[in-house]
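Chemist: have a look; sequence and predicted model below, questions after that.
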Amino acid sequence: MLDPSYLKRHLDFKDYILLETIDSTNNYIAKIIKKGKTSVLVAADEQTNGRGRFSRKWSSETGGLYFSFTEKISDINYNYQLSPIACAMGVFKTLDYAGVPNLIYKWPNDILVGKKKISGILLEITEDTIIAGIGVNANIREFQEDISKTATSLFLIKRREYDLNELLCGIIAEINKINTEKEILNFLKDSGMIGKRVKFTSVSRNINGTVFGFRETGEIEIDIDGEVESFIAGDVSFLREDI
């Protein structure tokens, strides 16, 4: 269980809501915003209906870190369209400092260790407020069979438990350090994705191509048989030969 006194000493939100079980921290915080709250952190030990992008289910087993927080668009010093990447950047750096090996960033907001997912991020916008939902497979010792081949955790990698308070505060601190678009674009450029063969999937497209680069607003550029197209939203998976 997270320690509210620790979080209040290290973070700067007006409201802290820590729950044992909730359907989705993003869903919960969206309801709070409608009541006029503007600076909120919501965290839960377990989510019964955790969501990923495109309404996919995010497995939220006991031992993971699941939280959402609000941020005013007007308080961000860079294009808000880059916010999912900024959050991924914060998670990536925190896990890197924790000594997690073989970290891979997968556009726009997944962190992998080798072939397996260790963190996912879901950003949603309500009027002038960003809701950032972050899940990290922290102290999970065993995954359900259906995702055991595609997910991993800090515990399974490092064989020790991590303090979730420190992990949460570290992630938000790293996100808050980002002040310019240049930092985010450099992260994209240095991520190792450029030149990788990928499968891109969206509501209307399903294509294979090579990552050509990234635009200043965070769109991914994919070379498809010699023609470069850019995409603002979609899902990318590495083709087997480039994992």
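Modeler: Happy to help now that I have it. Remember, predicted model here, so these are calculated numbers, not experimental data. Numbering: from 1, shown residues only.

Chemist: drop to CA atoms for contacts and neighbour counts, all remaining ones
Modeler: Noted.

Chemist: ok, and for the lengthiest strand in the chain, which residues are buried?
Modeler: Scanning the chain for the longest strand, with DSSP state E as the assignment, gives strand 116-126. Burial within strand 116-126, assessed by neighbour count using 16 or more other Cα atoms under 10 Å, is assigned to Lys116, Lys117, Ile118, Ser119, Gly120, Ile121, Leu122, Leu123.

Chemist: that strand packs against which elements?
Modeler: Strand 116-126 is packed against helix 83-97, strand 110-113, strand 129-136, with contacts defined by 3 or more Cα pairs under 8 Å, 6 or more residues apart in numbering; DSSP states H and E.

Chemist: which residues touch the residue nearest the centre of the chain?
Modeler: The centre of the chain sits closest to Ile121, judged by Cα atoms, centre = their mean, with a distance of 2.5 Å. Listed by Cα atoms under 8 Å, 6 or more residues apart in numbering, the contact set of Ile121 reads Gly52, Pro84, Cys87, Ala88, Asn109, Asp110, Ala132, Gly133, Ile134, Gly135.

Chemist: can I get the buried part of those residues as one PyMOL selection?
Modeler: Buried residues among the contacts of Ile121 (16+ other Cα under 10 Å), as a PyMOL selection:
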select buried, resi 52+84+87+88+109+110+132+133+134+135
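
Chemist: can I get the contacts of Ile121 in CSV including pLDDT and distance to Gln144?
Modeler: As requested, the contacts of Ile121 are arranged in CSV below (pLDDT from 0 to 100; distance: Cα to Cα, whole Å):
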residue, pLDDT, distance to Gln144
Gly52, 50, 17
Pro84, 95, 27
Cys87, 98, 27
Ala88, 97, 25
Asn109, 92, 23
Asp110, 95, 20
Ala132, 97, 26
Gly133, 97, 22
Ile134, 97, 20
Gly135, 96, 16
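
Chemist: which of the contacts of Ile121 sits closest to Thr150?
Modeler: When those are compared for distance to Thr150 (Cα to Cα), Asp110 comes out closest, at 12.5 Å.

Chemist: show me what contacts the closest residue to Leu167 other than its chain neighbours?
Modeler: Closest residue in space to Leu167, ignoring its immediate chain neighbours: Thr94 at 7.4 Å, by Cα to Cα, 6 or more residues apart in numbering. Residues near Thr94 by Cα under 8 Å, 6+ apart: Leu167, Gly170, Ile171, Glu174.

Chemist: next one: Glu181
Modeler: Asn77, Tyr78, Asn79, Leu82, Glu216.
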